[in-house]
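Enquirer: okay, predicted coordinates and the sequence, questions at the end:
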Amino acid sequence: MSIFNVDQESCKRDGICAKECPVGIIELLDKDSFPSPMERAEENCIQCGHCMAVCPHGALTLTNRSFEEFPLVKRDLLPSSEVVKNFLTSRRSIRRYKKNVMSHELLEDLIDIGRYAPTGSNKQQVYWTVFEKPSEVRRLVPLVIDWAELMAQKIPDQAIAQRMKSLVLAWDRGEDAILRGAPHLIVVHSQGDLPSAHADCVISLTYLELYAASKGLGTCWAGYFTAAANVFPPLREALGLPEGHRCFGAVMLGYPQYKYYRRPKRNAPLVTWR
């Protein structure tokens, strides 16, 4: 069975599908032929759907896919470059949250956008663990504090050790400097030995947090939490990640307590032009 079907009445034999196939498994033998799969195409196809999405005539469909799975792009809703620039340059990390809890449907919507991020070879092996109950989020913080207290005694770098101590001291004063009192936490993880797992997870989580910002939500990358998640057994046990998985990122999430009115200042880019 062929991995794709071609509607010969609609196909213009322009070769766009063959040119755009990322793994080069589509060929047109001559100007009068229709697209056909190359040898071992089924084995090498990554099911990205480029061939279906790029055909302006809707002439090609993957055998196990339908056009309902590839809805048309609403070009009238695409933002201008100025809108995108203003949005990206105004994003802020939020460290003060309201106590309001987000709905399960809203959390699902965020995850749904995260899955559209690019992944290596279209593997899409990004896993999500969502702590949607504030009580569950709060339960994790003391475990990170225990890790920080341990690190403060072991780390030879005095600057880092002092940072760990400050986390513990803040906690003793009743301040959460780990997850900042956020009502929700989203963790991305994957099999630790996959070549692109780290990048895949980070990009997916970035998609999610930018979409969250567009909906007026606040996020902040939980760096201390992520560092502890992969090395501190009590926290790993509390996370309950599958065997062999590593935490590649986490964001705290909720409704911002305050609004920001100006863009953040950033250093000049560190660029080498070649």
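Expert: Received, thanks.

Enquirer: mind checking the SS state of residue 248?
Expert: strand (DSSP: H, G, I helix; E, B strand; the rest coil).

Enquirer: what does residue 136 give?
Expert: Strictly by three-state DSSP, residue 136 counts as helix.

Enquirer: what of residue 261?
Expert: coil.

Enquirer: how much space between it and residue 92?
Expert: 10 Å (C-beta to C-beta, to the nearest Å). Every residue, glycine included, has its C-beta placed from N, CA and C.

Enquirer: go on, residue 109?
Expert: Relative to residue 92, and taking C-beta to C-beta, residue 109 is found at 21 Å.

Enquirer: same check on residue 75?
Expert: For residue 75, the distance to residue 92 - C-beta to C-beta - is 30 Å.

Enquirer: so between those two, which is more surrounded?
Expert: residue 92 (16 against 6; other C-beta atoms under 10 Å).

Enquirer: how close does residue 116 get to residue 137?
Expert: 26 Å.

Enquirer: between these two, which has more neighbouring residues?
Expert: Just comparing residue 116 and residue 137: by other C-beta under 10 Å the higher neighbour count belongs to residue 137, 22 against 11.

Enquirer: per-residue pLDDT, the more buried one?
Expert: Per-residue confidence at residue 137 stands at 98 (pLDDT).

Enquirer: likewise for the one 5 residues further on?
Expert: Here, the pLDDT recorded for residue 142 equals 98.

Enquirer: do the one 5 residues further on as well
Expert: Among the per-residue scores, residue 147 holds a pLDDT of 97.

Enquirer: wait, it sits on residue 228?
Expert: Yes - Residue 147 lies in contact with residue 228 (C-beta atoms under 8 Å); the separation is 4.1 Å.

Enquirer: what touches both of these two?
Expert: Common contact partners of residue 147 and residue 228 (C-beta atoms under 8 Å, 6 or more residues apart in numbering): residue 235.

Enquirer: which one is the residue nearest in space to the middle of the chain nearest to, not counting chain neighbours?
Expert: Residue closest to the mean C-alpha point of the chain, counted by C-alpha atoms, centre = their mean, is residue 204 at 1.2 Å. Excluding the flanking residues, the one nearest residue 204 by C-beta to C-beta, 6 or more residues apart in numbering is residue 117, at 4.1 Å.

Enquirer: was I right to think the one you found contacts residue 209?
Expert: No - taking contacts as C-beta under 8 Å, residue 117 lies outside contact range of residue 209: 11.1 Å.

Enquirer: which residues do those two both contact?
Expert: With C-beta under 8 Å, 6+ apart, residue 117 and residue 209 have no common neighbours.

Enquirer: what about the two, which has more around it?
Expert: residue 209 (24 against 18).

Enquirer: am I right that the more buried one is in a strand?
Expert: No - if the criterion is three-state DSSP, then residue 209 is helix and not within a strand.

Enquirer: which residues touch it?
Expert: 219, 221, 251, 253 are the contacts of residue 209 under C-beta under 8 Å, 6+ apart.

Enquirer: for residue 184, what are phi and psi?
Expert: phi -140, psi 160 (degrees, to the nearest 10).
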